[in-house]
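# Give the three-dimensional model of this entry:
(chains A and B)
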There are 2 protein chains.
Amino acid sequence: MYGLTEITTKVFAALSTIEGVASWWTKETTGVSKTGGSIEFEFSTPSGEKIGGIGMEVLTLAPDKEVRWRVKSGPEEWIGTDVAFKLSQDGEYTIVHFGHENWREAVEFTAHCSTKWATFLLSLRDLVETGKGRPAPNDITIGNWH
Amino acid sequence: MYGLTEITTKVFAALSTIEGVASWWTKETTGVSKTGGSIEFEFSTPSGEKIGGIGMEVLTLAPDKEVRWRVKSGPEEWIGTDVAFKLSQDGEYTIVHFGHENWREAVEFTAHCSTKWATFLLSLRDLVETGKGRPAPNDITIGNWH
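Have a look, this model is predicted:
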């Protein structure tokens, strides 16, 4: 049994370390997770075909509070956007307030990414609660854009 | 084995009939699903405690193309917003382009609803693919706001 702070700390570890992110988002996560560092996220199909990659700069690593990345390379629509996770506690819950912020416009790809992010947030919860997430390439496929 | 049009038609049926919506969103769906009609969506916990309800007017029912509802009652942030499903086919896929449109501002509740909608879209897919969705009150809980 864990106390609340321990759970929040586990969530923060899953968001703030290369090994952590590789356990719920994509196994192909490399780089340096410190403020100002760069992280590369690559995605492949289960059969090993490359789908694409994203490069982010780490803007914020506030222990048990916030992780914020800024997209430097990847899909054109993502460049300059921020991916942010704000952590808090409310009663018996550790809350992850997730946002993929500053899209220039809401397009069909935005809708796709929104639903896809939700599946990865469920993967993050599975990781923290059960020790096993569903990072790519074993992620939940939601459509023809993967 | 179904042809593409049959799958799209099954998706449309799941979106355009009271029985269909009750099979993936909330079992407590009542009303008249025709253009200009009103549908009430009620939500309860598994133990039967009422969580809340939403009233929508049916704006669009375009067979195999689009379903659009406008929120008339429910959470204050939802009033006046549209919930829209646009269907299309792409290769072997039936695409559901979902949007909950015209929020006055993006707030924490927006983020909650975005992730929650994703779980219901997965429920819709399960319904179409397996015959069994996960409508409330047996939906996937994502946090302290249910």
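
# My guess is A:T94 contacts A:I7. True?
Yes: proximity of A:T94 to A:I7 meets the contact threshold set by Cβ atoms under 8 Å, at 4.7 Å. (Each C-beta comes from the backbone N, C-alpha and C, glycine too.)

# Those two: who's more crowded?
The neighbour comparison of A:T94 against A:I7 (other Cβ atoms under 10 Å in any protein chain shown) goes to A:T94, with 23 against 17.

# hey, what's that one bridged with?
Taking DSSP bridges as the rule, A:T94 bridges to A:Q89.

# contacting residues for whichever residue of chain A sits closest to chain B?
Of all residues in chain A, the one sitting closest to chain B is A:A118 (3.1 Å; Cβ to the nearest Cβ). Contacts for A:A118 (Cβ atoms under 8 Å, 6 or more residues apart in numbering or on different chains) come out as B:114-115, B:117-119.

# partner strands of the longest strand anywhere in chain A, parallel or antiparallel?
Counting by DSSP state E, the longest strand found in chain A is strand A:50-62. Strand A:50-62 sits in its sheet next to strand A:38-44 (antiparallel), strand A:66-73 (antiparallel), going by DSSP bridges.

# what's the shortest one in contact with?
Right, strand A:38-44. Strand A:38-44 has contacts (Cβ under 8 Å, 6+ apart) with A:18, A:21, A:25-26, A:28-33, A:50-58, A:69, A:72, A:136-137, A:146.

# can you rerun that using 7 Å?
By Cβ atoms under 7 Å, 6 or more residues apart in numbering or on different chains, the surrounding residues in contact with strand A:38-44 are A:25-26, A:28-33, A:50-58, A:69, A:136-137.

# In PyMOL, how would I select the buried members of those residues?
Buried subset of the contacts of strand A:38-44, written as a PyMOL selection, criterion 16 or more other Cβ atoms under 10 Å in any protein chain shown:
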select buried, chain A and resi 25+26+28+29+31+33+54+55+56+57+58+69+136+137
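
# And for A:G99, nearest residue in space, chain neighbours not counted?
Take A:G99 and drop its neighbours on the chain: the residue closest to it by Cβ to Cβ, 6 or more residues apart in numbering or on different chains is A:A84, 5.0 Å away.

# can I get the CA coordinates of the strand or helix carrying that neighbour in CSV?
Counting by DSSP states H and E, the element that carries A:A84 is strand A:82-90. Extracted C-alpha coordinates of strand A:82-90, given in CSV (Å, rounded to 0.1, in the frame of the first residue of the first chain):
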residue,chain,number,x,y,z
ASP,A,82,4.0,22.2,-25.6
VAL,A,83,3.2,18.9,-24.0
ALA,A,84,2.5,19.5,-20.3
PHE,A,85,1.6,17.3,-17.3
LYS,A,86,0.6,19.1,-14.1
LEU,A,87,0.3,16.9,-11.0
SER,A,88,-1.8,17.5,-7.9
GLN,A,89,-3.5,15.6,-5.2
ASP,A,90,-7.2,15.7,-4.4
